[in-house]
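Enquirer: What shape does this take:
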Amino acid sequence: MKWLAALMSCAMLSTPVLAREITPAEERDSSYTASLPACEDPLVLYSVANRFSRKEARFWNSPLEIVQFEGVRQEAWRPWGLDYIPRRFCTGTVLISDGSRHRIDFSIRKDLDFIGVSWGTEACVEGFDRNYAYAPQCKQAQP
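Expert: Model (predicted):
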């Protein structure tokens, strides 16, 4: 009996795992388009800077703002595959109004803005993740 159980276990472990069919997000019933703006797009950078200053003022009573973006580049495009909502991950350096420079990681996400109308951004400036939403050191904002 033990021999039969061992044989069945080996047979089950040697069979390939059932692969699921990957349907790109653009081909679903409620499809997405994979057209997202580039990391350096002025509207994207404005959105990131606006959300940063609004969060600083509203939750931390801070007048800090992003003054300038430097070296912004794409880090990943759809890193988890075609069947996920299209996302573009970006990184760079920002100059804050207090004169300090910090690394920034942000993503541009398709239809994940307010009520899913347009693309949205989500960002983390290293050193300003005061509620540890992307801890440790903005790692969770990266792909």
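Enquirer: Could you count how many residues lie near the nearest residue to Asp83 once chain neighbours are set aside?
Expert: Nearest residue to Asp83, sequence neighbours excluded (C-beta to C-beta, 6 or more residues apart in numbering): Ile22, at 4.8 Å. C-betas here are computed from N, CA, C, even on glycine. A count of neighbours around Ile22, defined by other C-beta atoms under 10 Å, yields 9.
Enquirer: so which strand or helix has the residue sitting nearest the centre point of the chain?
Expert: By C-alpha atoms, centre = their mean, the mean C-alpha position of the chain lies nearest to Ser107, the distance being 4.1 Å. In this assignment (DSSP states H and E), Ser107 forms part of strand 101-109.
Enquirer: I figured the residue nearest to Asp83 was touching Gly81, is that so?
Expert: Yes - using C-beta atoms under 8 Å, Ile22 is in contact with Gly81, at 6.5 Å.
Enquirer: Which residue ranges of the chain form strands?
Expert: Along the chain, the stretches classed as strands by DSSP state E are 66-77, 87-96, 101-109, 120-125.
Enquirer: Just send those back as JSON lines, with mean pLDDT and distance to Lys55 too.
Expert: Below are the strands of the chain laid out as JSON lines (pLDDT from 0 to 100; distance: least, C-beta to C-beta, whole Å):
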{"stretch": "strand 66-77", "mean pLDDT": "97", "distance to Lys55": "11"}
{"stretch": "strand 87-96", "mean pLDDT": "97", "distance to Lys55": "13"}
{"stretch": "strand 101-109", "mean pLDDT": "97", "distance to Lys55": "13"}
{"stretch": "strand 120-125", "mean pLDDT": "95", "distance to Lys55": "9"}
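Enquirer: Just put those strands in CSV and tack on distance to Pro143.
Expert: Compiled in CSV, the strands of the chain are given as follows (distance: least, C-beta to C-beta, whole Å):
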stretch, distance to Pro143
strand 66-77, 4
strand 87-96, 5
strand 101-109, 8
strand 120-125, 12
